Every structure is written in C-alpha cells, then in structure tokens.
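Visitor: Sequence first, predicted coordinates after that:
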Protein chains: 2
Amino acid sequence: MTDAEPRAGVAPQPTRRSTRSVTLADVASLANVSPQTVSRTIRYPSLVSEQTLERVQRAISLTGYVPNLAASNLASNRSGTIAAIIPSMSGSVFADALQGLDAVLSPNGFQLFVGSTDYDLEHEERLIRTFMGRRPEGLFIVGTRHTTAIRMLLENSGIPVVETWNWTDEPIDSLVGFSNRDAIEAIVTHVVGKGYKHPTFAGTFRPDDSRAIDRQAGFRRAVEGLLPGEQVRVIDAVPGHGDMEIGTRLLDEALARHPETDVLMFSTDLFAAGALLECHRRGISVPEQLAITGFGDFEIARHLVPPLTTVAVPNTEIGTTAGQLLLDRIADPTAEPARIDLGFTVIPRDSA
Amino acid sequence: MTDAEPRAGVAPQPTRRSTRSVTLADVASLANVSPQTVSRTIRYPSLVSEQTLERVQRAISLTGYVPNLAASNLASNRSGTIAAIIPSMSGSVFADALQGLDAVLSPNGFQLFVGSTDYDLEHEERLIRTFMGRRPEGLFIVGTRHTTAIRMLLENSGIPVVETWNWTDEPIDSLVGFSNRDAIEAIVTHVVGKGYKHPTFAGTFRPDDSRAIDRQAGFRRAVEGLLPGEQVRVIDAVPGHGDMEIGTRLLDEALARHPETDVLMFSTDLFAAGALLECHRRGISVPEQLAITGFGDFEIARHLVPPLTTVAVPNTEIGTTAGQLLLDRIADPTAEPARIDLGFTVIPRDSA
DNA sequence: GTGAAAGCGCTAACAA
DNA sequence: TTGTTAGCGCTTTCAC
C-alpha cells in the first residue's frame, strides 16, 4: 500500500475545515430524506407529507440543528435584516424609535442591525458602507442630511430607505418625520401669544445635528416674524456628559449674557429640566421671574414643578410607521415611496 | 447544429438569477487580476504590489463594489457579528450598555445585532434561537436567568457568552455585573445607619426581571438582619407607560397602606423622581416628613431638590467591559471565561 | 410529494 | 506576489 492509495473505508481529507456544526445535510441523512426536503419542511411545512414532517422535525430536534442564515442569505438573495442608523443609542428618543421599529419588524421575521453615528456624517458614511455589505432589505436612518456619496449610494441601492426625524422636500426615498423648524416656531408663537417679549433659545448645535440646527432656524424665523426689532438671542453649549448638567450651564450663561430674557426656550426637555431644577435651588421662581420651555415632551416634563411647556413629538410612532413602510415596500417593490408628516403638538403647561 | 450543441460565443443560460450586484469577479476582470487578488487587496493590502493595489482600488471605486458579507461569512466561517440581547431598548440603562458595547466592538470590525426580550424568558429563547442562525461570534445578554434550553444551547454554542447586570456563582460562561441584592442591602444599611426605622421598598416586579427580584430580596434580607421584628414592607405596581408615573402611584399606595413608613426606597431612580416631585406638589417635605431613595444614579438624581440618595451602578462600563471580554476570547478561544464584579456605590445625598 | 444538480459570492489551501 | 481549485450551507430550478 503506497501513500498515494487511499485506505479503504477512509474518507479523503477535506480540503478545508467545515464549520463543524450541524447542517441541513446532517438532518437530511438522519431523517433519510434529501436536503431539499428538509429545507421545504422548515420553510413550507404544508408542502410535505405528514410522515415526512414528523421524521424531519424529530431529526432537527435530535441534532439541535440551527439553520445557517448566511448560507440561506447567499442562496436566496434575501438577508432578512434591516439596518438602523441612529445618532446615538443612549438618550431615550432614538431608542424609543428603535423599539417601535423592532416591534413591527421582528414579528415579520426581520432582524435589526443597529449602528450609531455619534452625530458625525463621515462616521455615518463609513457605517452605512459597512452595513450595506450585509445586504439589508431596508434601511432606517435618522436625519435627512448625508454626504453626497451616501445619498448616491442609497439612491442606487435598490432597497427601500426611510429617512426620519426631519422634514425635507427631497428625501432619498421615503420619509417619516416632522419639521423641527415648524415645531419651534409653533412654541415660540405660543409663548409670544402669552405675552413674553424677550425669548432666548438655548441648546447644543453640533454641525451635523440637523435637527438641533433646524430648531435654531425655527426660533430665528419666529422671532423675526413675531417680534420685529427684537434681538435673536441664541446660546449654545458644547455637548458633554449629562444633558441636565448642560441645562444648568445654559441657564447660567443666559442669565449672565441676556438678563433681559423673560422666557428661556430649550432645544430639549432634558436641558429644560436641568435648568428648572437649578432655578428651584437658586430660588428663581418659574414662570414668574423666568419662564422655561422644553422640546420633546419627555415623561419628566409633566412631573416637574411647575410642569413644563413643551412640544410633543412622535418618537415611537416614527419607528413603527417607518417599519410598516419598509415592510410594505419590501412586499411590493413597485409601491411608491411615501412621505409621512407625523407632526407635533405644543403642550401648554405652567412653566411658561 | 443540434440543440445539444451550444452556439459558439454564447454563454449557456444561467440556471438562476444572480444578485445582479457588482461582485469580486467583476472587479477582478476590470482590474485584470484574479478574484483572489481582489480579496487580498481588500483584506491584506500589504500583501499585494503597489501597482496591483492601485489598479484594484480604481476598479473598486469605478464599479462601486460593496463586498457581500454573507458570502464572506459563509466562506470564512466568521460572521463579524455580535448578538446583544436586552430586556428593552427604551429606558436608558441598557441603551447605555449597548453604547459601551458598540464603542468597543465597532472599531474592531464587529457589527451588533440587537434584540429585546420585553422581560420575557420565552421571548428571549425564541430571539436567541433566531440570532444563532447568524452565527454570531459572541453574545452579550442581560441577566443570568434563562430557560434551561437556552442555557444548554449557549453552553454548547462554542462562542463566548457574557451574561451581565446580575451576579451568580454559575454563569454560562463569562459574567460582568454586580449583585443587585447586595446593592440594595448596602443602601438599606446606609439609611438604617442614618436612623430610619420603618423602610418600605417599592418597585415593579415582573416574574422574569431577576434584577428587580434580587433587589427585593436584598431589601428583605437587610430589614430582617438590621431591624429584627420590623415588618418587611414591599409595594409593587404593574409596569405601565411612564416610570415616573409609576413612582407617583407607588407613593400613593405606600402612604395609604403603610403610613408608618419613614423612608420610601425605590427600585429605580425614575420611580423615586416621580414620587419626589409628587411630594413637592403635595407639600410633603423630603426628607423631613418622608425620606426617599432610588437606585441607578441616573442623571436626574443629583439634580432633584433635594438631591436623591441612591446607588450608582456601572451601566456603560458593563458594556465596554463585556465587549473587551468578548474580543479577548474571540482572539484567543483558549482564554478562561472571566467573572467581573463591577460593584456599585451608595451615593448619600440629601433625600434621606 | 420528493430529489438531483447547479450555483449564490466569497475565502482557504495550495501551487506556481 | 499572484493564480487555481474546491468548497462554505443553503435555495433555486427543474425533473420525476
């Protein structure tokens, strides 16, 4: 017997290691059917005979078979995934939208890939490029401002894309959001109607955070329209650890730089809450000495003393609506892209 | 010319449609190199000649090639994914951990699959089964209680698993957490040391939320040990919309059922915040008439008036530590599983 | 109702 | 430094 002769009864060396996990073929040979029949049993149980069904199911549970979705994906050209791109995971608003998205998608068999851009469009671009490698069947993204490369990539991707949380006349594909600008304009209109004459707007304005920037623009437009001649006062702070902490810093700065302010309007409820609680501590009475408003209608807004005047926005609904839209367009790729304005609601409370 | 003879110059009909997207082979033929060289150029640029590198990179950008990771996964038996299983996406604590996890994983080329169990172990089981089909290279999971089927599945999965946010002597594999029981015991010890004699514990206690249940157990043990003869008062509420709202309901019930309470201890800061703000509204002075404590050291805790006595737990650090652990064990599968107790810190403030 | 053959797009292993 | 070959585990297509 020479080396060249394979020994009888011994399988030839495989040219590469397998995953060593249970495969369709293993289940098939245990159940004495073809691999194809196992696949059918799993995906279309009604197409196989009852006897086969039973045999295969027993083989599956005996072997602990877990289908390899990468192989399935490759063969079927369907990934069963949706990519979700958000600015940040912490901070509840986007998490709420994700929860809504997942609630709609997961019962329909889609899994969610999540990535955060940290409010950075370059980072967003890298993230999306990587994610596209998974061939997601749909994409959920916060914001309507993107690099031109990403715009092109997504326009040509052939999958449904839902931009969210902003409003634009030129979405890449579908859009589920509201106008942050109009929302701030509405709350400014509300407080001006209440008699306030010297509003100051306060927030953090990262260059790539178009929602915050839209809000600032809304403030500017509202003041110019409603209080002609009035200075447009905007205060910003660098983002840091702790939103309420930022609120107290913004309060400090507003008091120092614009003591004439009669209503301090924040770009989120968390800043407003920090400032309002700081007012308590300093004995500044709200709204008598200084009125305060927020944005977002977080739960804390209605529990604060006094409760916070703010704008409610549809966090969770953005996720569920976008999810449903993606499902519809995956089911029927000829469906038209949609533009859904979920709007906002000014919530008048006692802080202004 | 018979039917059997292929016509000269005409490729045989493909037996199935391709994905119709750009492939390695397309790039290769454009660059006049073999597919393997394209693969190498992408993955190990230093192994190809400068000239080839340039040619291939030009071909890639010309074609807009995006590698198909499902194919890569299948061929290499490496998915580049980590699965993360959390009870809920909304509510910042787990989102913070996810953020930490992603911060460590994503620079190392891993993508995160996220699923939420809604505090339901059966749901968790279904979720994990589905996720395993993606062949994640590691698994991050909140909690140490799982169905026995899942325990077995994960023990035999061959991938590193990190359980988090609890403490146990029998983890499936690695563990990064702290003892919720000890944490509550510590804060009870603190308030008893301050002279309080009639503590009541309040929270929501879902059967599958072992963290909340551990906290309740810690309270019981502490009271029995420190205040012999004292009744162990626990109030629960059904989970609902709005944590602060739950806090006000729990306050109501504590006042009604246990008026002797001198310190009301909540299982999370959010409940405590809701109750504390409700006390303001009702003119109940804190801590004079009623002391209040929380759990978690959320940002709001130090901004409340009076600031909230609570227990700080390492939310984000759980994510980063678990992520590092997963990376280490993926790099070196022979490494020992680790058990890391990140501990907690009682934060004495003025609310108790 | 079931099976055989081919191939999805990539990488491992080996050869040159 | 580069190319060739043989799969990874599944689904599609088509035949029976």
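Guide: Arrived safely, thanks for sending.
Visitor: all helices of the stretch 101-250 of chain A, in order?
Guide: Listed from the start of the chain, the stretch 101-250 of chain A has helices (DSSP state H, counting those that start in this stretch) covering A:121-132, A:148-155, A:180-193, A:210-226, A:243-257.
Visitor: so can I have TSV of these showing mean neighbour count, mean pLDDT and distance to chain B?
Guide: The way it works is simple: take the backbone N, C-alpha and C, and place the C-beta from them, glycine included. Compiled in TSV, the helices of the stretch 101-250 of chain A are given as follows (neighbours: other Cβ atoms under 10 Å in any protein chain shown; pLDDT from 0 to 100; distance: least, Cβ to the nearest Cβ, whole Å):
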stretch	mean neighbour count	mean pLDDT	distance to chain B
helix A:121-132	18	95	5
helix A:148-155	15	94	7
helix A:180-193	21	98	21
helix A:210-226	20	97	18
helix A:243-257	20	97	5
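Visitor: Could you export these as JSON lines, including distance to B:Gly193?
Guide: Below are the helices of the stretch 101-250 of chain A laid out as JSON lines (distance: least, Cβ to Cβ, whole Å):
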{"stretch": "helix A:121-132", "distance to B:Gly193": "48"}
{"stretch": "helix A:148-155", "distance to B:Gly193": "57"}
{"stretch": "helix A:180-193", "distance to B:Gly193": "47"}
{"stretch": "helix A:210-226", "distance to B:Gly193": "45"}
{"stretch": "helix A:243-257", "distance to B:Gly193": "29"}
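Visitor: Nearest to DNA strand D, out of those helices?
Guide: Proximity to DNA strand D (Cβ to the nearest atom of the strand) singles out helix A:121-132 among the helices of the stretch 101-250 of chain A, at 19.7 Å.
Visitor: how about the residues of chain A that lie near DNA strand C?
Guide: For chain A, the residues in contact with DNA strand C under the definition Cβ under 7 Å from any atom of the strand are A:15-17, A:33-37, A:40, A:47-49, A:51-52, A:71, A:74-75, A:77.
Visitor: what sits against the nearest residue to A:Ala273 once chain neighbours are set aside?
Guide: Using Cβ to Cβ, 6 or more residues apart in numbering or on different chains and skipping residues adjacent in sequence, the residue nearest A:Ala273 is A:Ile300, 5.2 Å away. Residues near A:Ile300 by Cβ atoms under 8 Å, 6 or more residues apart in numbering or on different chains: A:269-270, A:273, A:308, B:244, B:273, B:300.
Visitor: wait, which of these is closest to DNA strand C?
Guide: Here the nearest of the contacts of A:Ile300 to DNA strand C, counting by Cβ to the nearest atom of the strand, is A:Leu270; it sits at 43.3 Å.
Visitor: right, and the closest one touches A:Leu250 too?
Guide: No: taking Cβ atoms under 8 Å as the contact criterion, A:Leu270 and A:Leu250 are not neighbours in contact, 11.1 Å apart.
Visitor: So what sits opposite A:Gly177 in the bridge?
Guide: With DSSP bridges as the criterion, the beta-bridge partners of A:Gly177 are A:Asp341.
Visitor: where does the stretch 51-200 of chain A come near DNA strand D, residue by residue?
Guide: Counting by Cβ under 7 Å from any atom of the strand, the stretch 51-200 of chain A sits next to DNA strand D at A:65, A:67-68, A:71-72, A:74-76, A:78.
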